[in-house]
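coords below, sequence missing:
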């Protein structure tokens, strides 16, 4: 075939078998955009329209159980009313250096007395045994980085005679979902309106690696599994059960499911109307709105329209918590046979002095504790004391003073900032004394103790090996943030006035808290009711006893304490207890005076009428010094310090850089 040339747009063709493309810019015949470009633009528009529904990465699907958690969360959104309901609260606890003690305390607490139906201590059980060995479990947790703590509560848990089989099936299902064997122990509690189970799960998988559970499974998966098993055991909720529960919610002074539905339907004008397409739910919501109106939380605008109060959900939650506290106080006061008015203590109202009735857990999920106090004002008080470790253990009947925790930076923080600014951002005791020659060594050490407390609390202060500190430019602001964080965990400060019941202090041969009050010239005001009456009687008896002992007198102006009354009583008791310990230990007692050096093994705590003392034992002698809570963790270990008028500056650890605590 003869060679032919043929020109075409974008190519040169010489013959049928020879085709050479010539690439160039393509254009539509009518000058419009390319088809491919139109596809890209359309795809972009579609992506933009669905972008708000695309889930951003937040880490919730990292870890075991992510896929099943995602599936169960979808089931949760589509679930109907007939399934049984469950609540699962989860807490991830970092064990760290102090984790062993915290884990032991948690196990001890969930096994406390009075949590079973019979009022007996809780029984620890596991996957294969009705009685688990808590000590062995803690030993297995020794090297764990973290552990999980669950509280599983079924709405219909009271229909179970025994929760152990349910808990074992739930944990077995969790093993399947996570693809690993789990090491756990649990305790069932029946001391509240809703029976519930505390589960402690080790933070390791069956290969000994850190167990990471996807947040989506923790948030939805375990709860859905618990509800699923309860529905299989008890059957779906009947229409009668559902309606009875909803009718019960109408009059409740707490946040209910009806309130949540009303809040979700508030329109742009801030108004809501009862549901019109269902007579039953219309009646429920209309009745609930009338109840909210009586509580001044809703306003009827007519024509079936209502305006709900601002922050309705928060207000109803607070009311529910308050009602729970009042019921708790009524129960415990009745058990203690104390007919008292019940009050919830507000720290800003001033100091509170009284006798501890009980200590309990206000929030089992967050380990927040409370005290019930029979106070000198004649009332019973509920006191939120914050995190579990914020207040040391107190014996029942102990006398305490409760004051509000200070907020904001302190003068000591401003002084540290000033010294650091003058020394290139560094602080030390030597730099402090050089900066302010009038300051004493003890005064500078108080600043070091403050920095050590801030360092342990996670503040931005760094201690170098030579004992000096690196201080941030915004140290005062750092101190304010540190105090704000502490306030959440420690809303009040609880001072132990006497570990001995006040009735026994009236004739106690030692320097009691009553003597300090009488020596002040202005004893605590006590109402003639409740603990106030007991306190007044104890003060009268103590005055008479002191006069008999020749340590005080009555004159024309009333009771007059002797010049050295308190010190004489303290020393007399100290020497008497020391003589008894000399016989017990076979060692002589060496009294420590102000400015003296204290060194030895912290043997134990000794409770006296004069207060708590630490027994410091050496190879050939021993001494007794004022107790400090920090010594609890040092029992059986060596410590040294300097005796001061305000207490002892303890030094723990080896080397000059060890922490000092006063």
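All right, it came through fine. As the structure is a computational prediction, the values presented were derived from the model and not from experiment.

got the phi/psi numbers for residue 213?
phi -110, psi 130 (degrees, to the nearest 10).

ranges for the helices of the stretch 101-250 of the chain?
For the stretch 101-250 of the chain, the helices defined by DSSP state H, counting those that start in this stretch occupy 134-140, 164-178, 215-216, 222-234, 239-250.

just these: most buried one?
The highest mean neighbour count among the helices of the stretch 101-250 of the chain, using mean count of other Cβ atoms under 10 Å, belongs to helix 215-216: a mean of 22. (Each C-beta comes from the backbone N, C-alpha and C, glycine too.)

packing partners for that one?
Applying 3 or more Cβ pairs under 8 Å, 6 or more residues apart in numbering; DSSP states H and E, we find helix 215-216 packed against helix 66-78.

now render the helices of the stretch 101-250 of the chain as TSV, adding distance to residue 195 and mean pLDDT.
Converted to TSV, these look like this (distance: least, Cβ to Cβ, whole Å; pLDDT from 0 to 100):
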stretch	distance to residue 195	mean pLDDT
helix 134-140	21	91
helix 164-178	10	95
helix 215-216	27	87
helix 222-234	12	91
helix 239-250	17	84
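
and these: which comes nearest residue 514?
Closest to residue 514 of the helices of the stretch 101-250 of the chain, according to Cβ to Cβ: helix 134-140, at 41.0 Å.

any chance of the helices of the stretch 101-250 of the chain in a markdown table, with distance to residue 554 too?
Listed next are the helices of the stretch 101-250 of the chain as a markdown table, based on distance: least, Cβ to Cβ, whole Å:
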| stretch | distance to residue 554 |
| --- | --- |
| helix 134-140 | 57 |
| helix 164-178 | 66 |
| helix 215-216 | 70 |
| helix 222-234 | 69 |
| helix 239-250 | 64 |
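
run the chain-centre distance for the longest helix belonging to the chain.
Secondary structure of the chain per DSSP state H: the longest helix is helix 312-335. The chain centre lies 19 Å from the centre of helix 312-335; the measure is Cα atoms, centre = their mean, to the nearest Å.

next, the buried residues of that helix.
Using 16 or more other Cβ atoms under 10 Å as the test for burial, helix 312-335 gives 312, 315, 316, 319, 325, 328, 329, 332, 333.

ok, stretch 581-593 next?
581, 589, 590, 592.

for stretch 394-404, same thing?
So, applying 16+ other Cβ under 10 Å, buried residues of stretch 394-404: 394, 397, 398, 399, 400, 401, 402, 404.

how long is it from one end to the other?
Distance between the two ends of stretch 394-404: 18 Å, counting by Cα to Cα, to the nearest Å.

ok, of the buried residues of stretch 394-404, which one's closest to residue 497?
Each of the buried residues of stretch 394-404 was scored against residue 497 by Cβ to Cβ, and residue 399 proved nearest at 4.4 Å.

now the closest one: how far from residue 611?
Distance of residue 399 to residue 611, given as Cβ to Cβ, to the nearest Å: 12 Å.

next, format the buried residues of stretch 394-404 as JSON lines and append secondary structure.
Below are the buried residues of stretch 394-404 laid out as JSON lines (DSSP: H, G, I helix; E, B strand; the rest coil):
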{"residue": "394", "secondary structure": "coil"}
{"residue": "397", "secondary structure": "coil"}
{"residue": "398", "secondary structure": "coil"}
{"residue": "399", "secondary structure": "strand"}
{"residue": "400", "secondary structure": "strand"}
{"residue": "401", "secondary structure": "strand"}
{"residue": "402", "secondary structure": "strand"}
{"residue": "404", "secondary structure": "strand"}
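
among the residues you listed, which one lies nearest to residue 478?
Closest to residue 478, out of all of the buried residues of stretch 394-404 and judged by Cβ to Cβ, is residue 404, at 22.1 Å.

give me the nearest residue to that closest one, chain neighbours excluded.
Once flanking residues are discounted, residue 404 sits nearest to residue 347: 3.5 Å by Cβ to Cβ, 6 or more residues apart in numbering.

check residue 379 too.
Closest residue in space to residue 379, ignoring its immediate chain neighbours: residue 341 at 4.7 Å, by Cβ to Cβ, 6+ apart.

residue 568 too?
residue 551 (6.4 Å).

doesn't residue 567 make contact with that neighbour?
No: judged on Cβ atoms under 8 Å, residue 551 makes no contact with residue 567 at a distance of 10.5 Å.

neighbour count for these two, which is higher?
Legend: neighbour count by other Cβ atoms under 10 Å for residue 551 and residue 567, higher for residue 551 (18 against 11).

and that one, how far from residue 510?
Relative to residue 510, residue 551 is positioned 12 Å away (Cβ to Cβ).

residue 597 too?
26 Å.

who has more neighbours out of the two?
Per other Cβ under 10 Å, whichever of residue 597 and residue 510 has more neighbours is residue 510, with 20 against 9.

what about the more buried one, which helix or strand?
Following DSSP states H and E, there is no helix or strand that holds residue 510.

and for the following helix or strand past the longest helix of the chain, what's in contact with it?
Sequence order places strand 342-344 as the next helix or strand after helix 312-335, per DSSP H and E. Contact with strand 342-344 is made by 322, 325, 326, 329, 330, 333, 379, 380, 381, 382, as judged by Cβ atoms under 8 Å, 6 or more residues apart in numbering.

also stretch 518-534?
Residues from elsewhere that reach stretch 518-534, judged by Cβ under 8 Å, 6+ apart: 338, 340, 353-355, 374-380, 502-503, 517, 535-536, 539, 542-543, 546, 552, 559, 561, 565-566.

mind listing what's buried along it?
518, 523, 524, 526, 529, 530, 531, 532, 534.

what's the answer for stretch 155-164, then?
Within stretch 155-164, the residues that count as buried by 16+ other Cβ under 10 Å are 155, 156, 157, 160, 163.

relative to the whole chain's centre, how far out is that stretch?
Taking Cα atoms, centre = their mean, the mean C-alpha location of stretch 155-164 is offset from the chain mean by 28 Å.

closest one to residue 204 out of the buried residues of stretch 155-164, please.
residue 163 (25.4 Å).

how much space separates the closest residue to that closest one other than its chain neighbours from residue 396?
Excluding the flanking residues, the one nearest residue 163 by Cβ to Cβ, 6+ apart is residue 188, at 4.5 Å. Taking Cβ to Cβ as the measure, residue 188 falls 25 Å from residue 396.

again with residue 178
Using Cβ to Cβ, residue 178 is found at 42 Å from residue 396.

next one: residue 626
Counting by Cβ to Cβ - residue 626 and residue 396 are separated by 23 Å.

what does residue 74 give?
For residue 74 relative to residue 396 (Cβ to Cβ), the value is 50 Å.

one more: residue 386?
In this view, residue 386 and residue 396 are 20 Å apart by Cβ to Cβ.

which residues touch the nearest residue to residue 367 once chain neighbours are set aside?
When the adjacent residues along the chain are set aside, residue 367 lies closest to residue 388, with 4.4 Å between them (Cβ to Cβ, 6+ apart). For residue 388, the contact set (Cβ under 8 Å, 6+ apart) comprises 102, 105, 367, 368, 369.

the fourth one bridge partners, please.
Just to be clear, that refers to residue 368. residue 363, residue 387 (DSSP bridges).

out of the contacts of stretch 518-534, which end up buried?
So, of the contacts of stretch 518-534, 340, 353-355, 374-380, 502, 517, 535-536, 539, 542-543, 546, 552, 559, 561, 565-566 end up buried under the neighbour-count rule (16+ other Cβ under 10 Å).

what's the residue lying closest to residue 126 once chain neighbours are set aside sitting at in phi/psi?
Leaving aside its sequence neighbours, residue 126 sits nearest to residue 132 (Cβ to Cβ, 6+ apart; 4.0 Å). The phi and psi values for residue 132, taken as degrees, to the nearest 10, are phi -90, psi 150.
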